[in-house]
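In: what's the 3D shape of this:
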Amino acid sequence: MAVLDYHGRGPRLEARRARFAVPWGRRVGHPEDMPDSPLKDFPVVVSFPLHWGEMDAFGHANNTRTFTWFETARIHYFARIGLTGPSGAGDERTNRDGVGPILKATNAEYLRPVLFPTRLVAGCRATRIGTSSITLEHAVAGEDDGVLYTRGSCVIVTLRYATHEKVPVPAELRAAIEALEGRSFSS
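Out: Below you'll find the model as predicted:
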C-alpha cells in the first residue's frame, strides 16, 4: 500500500500524471506573472481546485466540467468589462436599453485528461468583435505545472432582451473590451 502525502499524492498517481506531464517548473499566478504560461496573454485568469465530484468513472475530470470552467472565466471577464455585478447577476447584465450578452455557440478541444488532485486556471480573452457578436477564447491549464488541458471558444451575441432580437455591439461595450484587452478590434 502506498502512503499518500497531505495532498493525496502517491507513487501510482504520480506515475499516471507523469504520462501526461510537460516540464514546467513555475507556479502560475496573475497573467503578468506568467511569462511562460499558455495563459500569459489572457487578461482574465481564474484559479480553482479540481473537486473530487468533477471526476468521472474513467478517473479524470468529466468533459462537461470544461464548459463550467469556461463559464466561470467568462463571467469574471464580463465583470471586468462591466456586464455583471459581483454576484454575476443584477441590473448590470444589460445596459440602459436592455441590451446584454447571450451565449450563441461554444466548443472545446480536449488536449489531455485532467487528473485529481490538481489546481487549475481558466482564462478568457476576446479574439473578435463583430457587428452584433463577440468571439471569446478560453483555455484551462494546470496552475502548478502549466499543462494546457483544454481550449475552446464561444460566440456571444448582443441581444435586446425585451424583444429577443440581436443588436449591434454597443460602443461602450466595445470600448470596455478594447481597454481590457489593450488593443482595438476592427469590425
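
In: Going by length in residues, pull out the top helix of the protein.
Out: Counting by DSSP state H, the longest helix found in the chain is helix 65-80.

In: I'd like to know which elements it is packed against.
Out: Contact here means 3 or more Cβ pairs under 8 Å, 6 or more residues apart in numbering; DSSP states H and E; on that basis helix 65-80 packs against strand 44-49, strand 99-110, strand 119-129, strand 133-142, strand 148-160. Backbone N, C-alpha and C define where each C-beta goes, glycine included.

In: pLDDT weak spots in the chain?
Out: 1-35, 84-96, 187 (pLDDT under 70).

In: repeat that for 90
Out: Where the chain drops to pLDDT under 90, the residues are 1-37, 82-100, 144-145, 161-162, 186-187.

In: what's around the residue nearest to residue 122 when sequence neighbours are not counted, how many residues?
Out: Once flanking residues are discounted, residue 122 sits nearest to residue 73: 4.0 Å by Cβ to Cβ, 6 or more residues apart in numbering. When neighbours are defined as other Cβ atoms under 10 Å, residue 73 has 24 of them.

In: can you check residue 113 too?
Out: Other residues close to residue 113 by other Cβ under 10 Å number 17.

In: next one: the one 3 residues further on
Out: When neighbours are counted by other Cβ under 10 Å, residue 116 registers 16.

In: All set now, cheers.
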